[in-house]
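Asks: What would the 3D arrangement of this be:
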Amino acid sequence: MKHHLKFAAAICLVALLSATSASAQRLKIATVDMQILFKEYHRTNDEQQKFSEEFARIQKENNERLTGIRELEEQLQGLKKQIEDPTIADGVKRDKSRDFQLKLDEAKAMDRERREFLGRRTRALELKKQASMQGILEEIRKLIVEHAKAEDFDYVLDKSGLSANQVPFLLYTKDATDVTVALLSKLNANAPKASGNPAGE
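Replies: Below you'll find the model as predicted:
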């Protein structure tokens, strides 16, 4: 999620809105904590839950495929013991060796297909999740812009933004209004009751 918050820091570091006038008027500045808005927005939690369930389904199918492969491995172990049994006739050993090779090829093909399936589905879901999280961040950004225009702020600064050295971009702001709580309340105004988000109330 850190890369999402870095994205948030980039898009919400500063929002220059409705400049007052060319005269030397005092700027109206607000701050917002994008980390809090992102983490405590009910849609973020809902989307993350949805993707967690989808990842779990992928893992379940992967485990089912592994079970089939392990069953083949057990059969291979049994065939190997028979092939190595000195009391078994050569003709039977040849048949068992042929069966062993066929099952070994089958097990390798199944495992290759399983790994390809897991990689393909996981990558696709990761991309889908990333797009979803960025969409939520864009939704939050638009709300910030609307709120800033309505309140006539000149700048809205993300106080949770960090530099490449993990140092906060915003170290000090005099007389800035923190609009985090007000925005979180707007974001969670239509949250389903089952999702209950006290922080947004």
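
Asks: D175 reaches I29, doesn't it?
Replies: Yes: here D175 reaches I29: they are 7.4 Å apart, a contact under C-beta atoms under 8 Å. Backbone N, C-alpha and C define where each C-beta goes, glycine included.

Asks: Per-residue pLDDT of T67, please?
Replies: What the model reports for T67 is a pLDDT of 94.

Asks: heads up, I number from 444, so please use that
Replies: Will do, 444 is the new start, and the previous item becomes T510.

Asks: mind checking how far it is from K524?
Replies: Applying C-beta to C-beta, to the nearest Å, the value for T510 to K524 is 22 Å.

Asks: How about I583?
Replies: As judged by C-beta to C-beta, I583 and K524 stand 63 Å apart.

Asks: more crowded one of these two?
Replies: Neighbour totals were compared for I583 and K524, and I583 leads with 23 against 11 (other C-beta atoms under 10 Å).

Asks: Can you report phi and psi for the more buried one?
Replies: In terms of degrees, to the nearest 10, the main-chain angles of I583 are phi -70, psi -40.

Asks: middle-most residue in the chain, spatially?
Replies: The centroid of the chain falls nearest to K572 when counting by C-alpha atoms, centre = their mean (5.0 Å).

Asks: Could you say which helix or strand holds that residue?
Replies: helix 533-594 (DSSP states H and E).

Asks: Point out the other helices and strands that that helix packs with.
Replies: Packing contacts for helix 533-594, counted by 3 or more C-beta pairs under 8 Å, 6 or more residues apart in numbering; DSSP states H and E, involve helix 445-455, strand 472-475, helix 477-483, helix 485-527, strand 598-601, helix 623-630.

Asks: next one: it to chain centre, how far?
Replies: When C-alpha coordinates are averaged (C-alpha atoms, centre = their mean, to the nearest Å), helix 533-594 and its chain have centres 13 Å apart.

Asks: One more: stretch 617-626?
Replies: With C-alpha atoms, centre = their mean as the basis, stretch 617-626 stands 28 Å off its chain's centre.

Asks: again, but for stretch 586-600
Replies: 28 Å.

Asks: same question for that stretch, mean pLDDT?
Replies: On average, stretch 586-600 scores 92.
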